[in-house]
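In: sequence plus predicted model, see below.
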Amino acid sequence: MSKAGYEYLLAYKITVSIYDLTKQFCDKYIDPKSRTHDQMVQAARSGMQNIAEGHKHVSLKGYIYLTGIAMGSLEELLNDYLSYARQNNISILSATEAKTQIREIRAIWDIIRANPYLPNLPGFPNLPDSPYLAVNLMLTLVNQANYLIGKLNTSLQEKHMKEGGLTERLYRKRIEYRSRNN
């Protein structure tokens with residue numbers, strides 16, 4: 001069974017883990033009746049879904065726009081995790097410290113790299129039991145995702161610059177059609 005092209009992207013695959021783990025985090029640490037719970041889960045979902053929607057968009061301009069929305073949603077999520085850390089006196093690890101202290105980061109990336117696309121049940125590790133490790137795991141993953149989505153956005157912009165957009169492609173096809181039929 002072939003998969004949609006976006007399902008092979010590292011930027012997409014990491015956002016799947018972010019969505020799943022954000023849901024776990026919010027269910028465990030954020031009041032389920034609060035607006036923050038809903039907002040965090042929706043921001044994580046938006047980070048993932050806008051990549052999928054953008055990839056299926058008919059225009060490259062739309063894809064570029066939606067990857068920007070994905071980054072914005074994840075930036076919102078990042079700020080929510082930073083707020084949680086600040087409000088709960090949780091210190092933030094550097095990227096290097098997080099990679100050495102939080103085993104789930106390596107486990108998630110091992111799964112992502114081992115699969116060309118994620119299976120229906122990728123088997124991501126659960127959120128660490130410690131709020132300190134959980135927040136730092138999520139901060140690391142969101143920063144990694146935004147880096148990858150930023151790279152995707154840049155490559156899409158370069159492609160648009162080289163190849164043009166939908167309007168230009170349609171115009172070229174119309175000119176070709178007219179020249180063949182005259």
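Out: Thanks, I have it. Numbers count the residues shown, from 1 in each chain.

In: my guess is Thr22 meets Glu76, correct?
Out: No - if you go by CB atoms under 8 Å, Thr22 and Glu76 don't touch, sitting 11.5 Å apart. No exception for glycine: its C-beta is placed from N, CA and C like everyone else's.

In: between these two, who's got more neighbours?
Out: Thr22 (28 against 17; other CB atoms under 10 Å).

In: and the residue nearest to the more buried one when sequence neighbours are not counted, how many neighbours does it have?
Out: Nearest residue to Thr22, sequence neighbours excluded (CB to CB, 6 or more residues apart in numbering): Ala44, at 3.7 Å. For Ala44, the neighbour count with other CB under 10 Å is 30.

In: just the buried positions in the helix with the most length in the chain, please.
Out: In the chain, taking DSSP state H as the definition, the longest helix is helix 131-163. For helix 131-163, a neighbour-count test (16 or more other CB atoms under 10 Å) marks 131-142, 144-146, 148-149, 152-153, 156, 160 as buried.

In: what does the pLDDT read for Met1?
Out: For Met1, the pLDDT comes out at 53.

In: Pro32: what secondary structure?
Out: coil (DSSP: H, G, I helix; E, B strand; the rest coil).

In: so where's this protein shaky on pLDDT?
Out: Along the chain, segments meeting pLDDT under 70 span 1-3, 165-166.

In: quick one: the helices in it?
Out: Using DSSP H, helices in the chain cover 10-29, 35-56, 60-87, 95-101, 103-114, 131-163, 166-180.

In: okay, those in JSON lines with distance to Phe124 next?
Out: Shown next, in JSON lines, are these (distance: least, CB to CB, whole Å):
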{"stretch": "helix 10-29", "distance to Phe124": "5"}
{"stretch": "helix 35-56", "distance to Phe124": "13"}
{"stretch": "helix 60-87", "distance to Phe124": "17"}
{"stretch": "helix 95-101", "distance to Phe124": "17"}
{"stretch": "helix 103-114", "distance to Phe124": "6"}
{"stretch": "helix 131-163", "distance to Phe124": "10"}
{"stretch": "helix 166-180", "distance to Phe124": "36"}
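
In: list residues touching both of Thr22 and Glu76?
Out: Common neighbours of Thr22 and Glu76 are listed as Ala43 (criterion: CB atoms under 8 Å, 6 or more residues apart in numbering).

In: nearest to Gly123, of the helices of the chain?
Out: For the helices of the chain, proximity to Gly123 was assessed by CB to CB; helix 103-114 is nearest, at 6.4 Å.

In: what's the closest non-adjacent residue to Ile102?
Out: Leu137 (5.0 Å).

In: what's near enough to touch the one you found?
Out: Applying CB under 8 Å, 6+ apart, the residues contacting Leu137 are Leu21, Ala98, Ile102, Glu104, Ile105, Leu127, Pro128.
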